[in-house]
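Colleague: Please work out how this folds:
(chains A and B)
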Amino acid sequence: MPDSLSKASGAELLAIRDLRMGYGSGPAAQVLGGISFAAREGEFLSVVGPSGCGKTTLLLVLAGLLRPDHGTISFAGTPILNGTPDGIAIVFQDYSRSLFPWKTVLDNVLFGMRRQRGVNRSERNDNARELIAAVGLSGTENRYPWQLSGGMQQRVAIARGLASRSRLLLLDEPMAAVDAQTRADVQDLLLSLAQRFNQTCVLVTHDVDEAVYMADRIVVLSTRPTQVVEEIATPLGRPRDQIETREQKLYLEIRHEVLSIIRNLRKKSGELK
Amino acid sequence: MPWLQRLAALLLVIALWQFVVSLQVIPDRYLPPPSSVVFAFAQMVRSGELVDAELLTLGRAFLALIASVSLAMLLAGLGVIFKPVREAMRGIAELLRPIPPAAVVPLAVFVLGTNLKLYLFVACLVAVWPTYLSAVSAFEGVSDVLRQTGRSFGCGRLSLLMLIVLPQALPEIFVGMRLSAAISLIAIVVTEMLAGQSGLGNLIFRMAFAIRVPEVYAITLLCGINGILFSQLIVLLGRVASGWHMKFMAESVA
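Modeller: Numbers count the residues shown, from 1 in each chain, chains lettered A, B, ... in the order given. Alright, predicted model coming up:
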């Protein structure tokens, strides 16, 4: 059973060095205080940290939507300067505000293919329908997102992200606004899709269990000013299983370690007593 | 059926009107019975003067509406892309908004003469604002997440405006457009009354001067009907352009 999702080429797809970001002035305003890590081609990377550590800010910077105050990001060797590079797609946490309400499910997914060249209309339609089927939403193509449940909407957002055939998929706590059962389903769906489409993923989450369950490797962030505290490999075998994997000794050890790190960080920052 | 209720309400008003007239508390020359208003209406239609005036007024109002909405959308759109425009417009809008069309007419006639330019100028000056203001508000109300989503899929400033901000904002903009439609009509009629040589406004003026009271009532009511027509036109347009929103509102009640 291979450890990482696909034949990981091991090449650094996304590399960030000493990323700093602050709002306003003064030491308290420093959100990101020098973050460095890399995501390798073919791997599933989870980024986990205490609440308020700037995970969403970090993701926006990774997507090229925010310019950092300091530091470098490069994607496939080229620095990200202005806007999201062709090759990165991002799935936002707030799917209800991210999906286009005037477009049907099919049109939303088709929008993800905006940047593709040389693919004609009927091919795009076929690909979009295939993706909609892959996320288990066959039959909803002509419905509007707001006619669907929360879990279904999130799956549309994921399908749209995958539609771009990007090399890197960034996910901002995609399961945060969804109920526990749907969360488990979407987790497994994401993993199977990532494997099927050989998709490199960076998942940002506050949920440690989720981070460990999904990842090949975990990056643990500190409290503000946020830095990388630890990088932990999670060779738990693929495919993962909601029951089996979560009972593995290694899973429990890694979970224990990450939760302890975060708890200590929060104690040190004064959040916890 | 809502239209049935509205029709019933209208008939009730007409019946009440007839009733008040029959009480003879107001002299006929101030409040004519509905029947004589209808008769006057028929007369003017037969003579052709009402139809001519109506077509002229509607034509001008329609052109004025198109011009106002286009200008409003252009200004609002530029305001989205360029911040200085947005800031400059804030002050200008506040200054120009409260000016009544009637106040502008005399000077405008002096500068432009009595022609289509006059009508368009006066009407645009006042009818631009409802559409402009609702466009600005609607554009500002588009969520950051939606914009970020657009940008993450490679939308530049213009694409973002046309493909994302505009469709999202359209339902709210149509609300403003309905108001602009009503104001265009009013401005045209007022201009016709003060300076025009044709159209419904001018017709009202002439009939009033000739103390032909039922005729004045008839034309006034026609102006009201025109307002309903324009409003329904915008609603229809809205249904075509933003049908999804009406569906959304209907289903959101649940």
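
Colleague: Surely residue B:208 and residue B:216 touch.
Modeller: Yes - with contact defined as Cβ atoms under 8 Å, residue B:208 reaches residue B:216; the gap is 5.3 Å. No exception for glycine: its C-beta is placed from N, CA and C like everyone else's.

Colleague: between the two, which one's more packed in?
Modeller: More crowded of residue B:208 and residue B:216, by other Cβ atoms under 10 Å in any protein chain shown: residue B:216, with 21 against 15.

Colleague: Summarise which helices and strands the helix-or-strand element of chain A with minimal mean pLDDT is packed against.
Modeller: One helix or strand of chain A scores below all others by mean pLDDT, DSSP states H and E: helix A:180-196, with a mean of 88. If you count contacts as 3 or more Cβ pairs under 8 Å, 6 or more residues apart in numbering or on different chains; DSSP states H and E, helix A:180-196 packs onto helix A:150-163, strand A:200-205, helix A:208-214.

Colleague: Start from the N-terminal end of the chain and give the helices.
Modeller: No chain specified, so I'll use chain A. A:55-62, A:95-98, A:105-111, A:121-134, A:150-163, A:180-196, A:208-214, A:249-269 (DSSP state H).

Colleague: To clarify, I was referring to chain B.
Modeller: Using DSSP H, helices in chain B cover B:2-22, B:34-47, B:49-81, B:83-96, B:101-112, B:116-141, B:144-152, B:157-159, B:166-194, B:199-209, B:213-252.

Colleague: With mean pLDDT and distance to residue A:231 as extra columns, can I get these in CSV?
Modeller: Formatted as CSV, those follow (pLDDT from 0 to 100; distance: least, Cβ to Cβ, whole Å):
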stretch, mean pLDDT, distance to residue A:231
helix B:2-22, 90, 64
helix B:34-47, 93, 85
helix B:49-81, 93, 42
helix B:83-96, 87, 42
helix B:101-112, 90, 69
helix B:116-141, 93, 41
helix B:144-152, 95, 26
helix B:157-159, 90, 38
helix B:166-194, 94, 40
helix B:199-209, 94, 78
helix B:213-252, 90, 45
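
Colleague: Out of those helices, flag the one nearest residue A:230.
Modeller: Residue A:230 lies closest, by Cβ to Cβ, to one member of the helices of chain B: helix B:144-152, at 28.8 Å.

Colleague: between the closest one and helix A:55-62, how many degrees?
Modeller: 20 degrees (axes from the mean of the first three to the mean of the last three Cα atoms, to 10 degrees).

Colleague: Can you list the buried residues in helix B:144-152?
Modeller: B:145-152 (16 or more other Cβ atoms under 10 Å in any protein chain shown).

Colleague: quick one, what contacts residue 171?
Modeller: The chain I'm using is chain A. A:90-91, A:161, A:190, A:201-204 (Cβ atoms under 8 Å, 6 or more residues apart in numbering or on different chains).

Colleague: Correction: the question concerned chain B.
Modeller: B:138, B:238, B:242, B:245.

Colleague: how many neighbours does residue 95 have?
Modeller: All of this refers to chain A. By other Cβ under 10 Å, the residues close to residue A:95 number 25.

Colleague: Chain B was what I was after
Modeller: Around residue B:95 there are 9 residues (other Cβ under 10 Å).

Colleague: now the one 4 residues further on
Modeller: When neighbours are counted by other Cβ under 10 Å, residue B:99 registers 11.

Colleague: so it touches residue B:125, yeah?
Modeller: Yes - counting by Cβ under 8 Å, residue B:99 touches residue B:125, with 7.1 Å between them.

Colleague: Would you tell me which residues of the stretch 51-200 of chain A are close to chain B?
Modeller: Contact residues (Cβ under 8 Å from any Cβ of the partner chain) of the stretch 51-200 of chain A with chain B: A:60, A:63, A:65, A:83-84, A:86, A:88-90, A:92, A:94, A:97-98, A:100-102, A:111-112, A:114-115, A:144, A:146-147, A:164.
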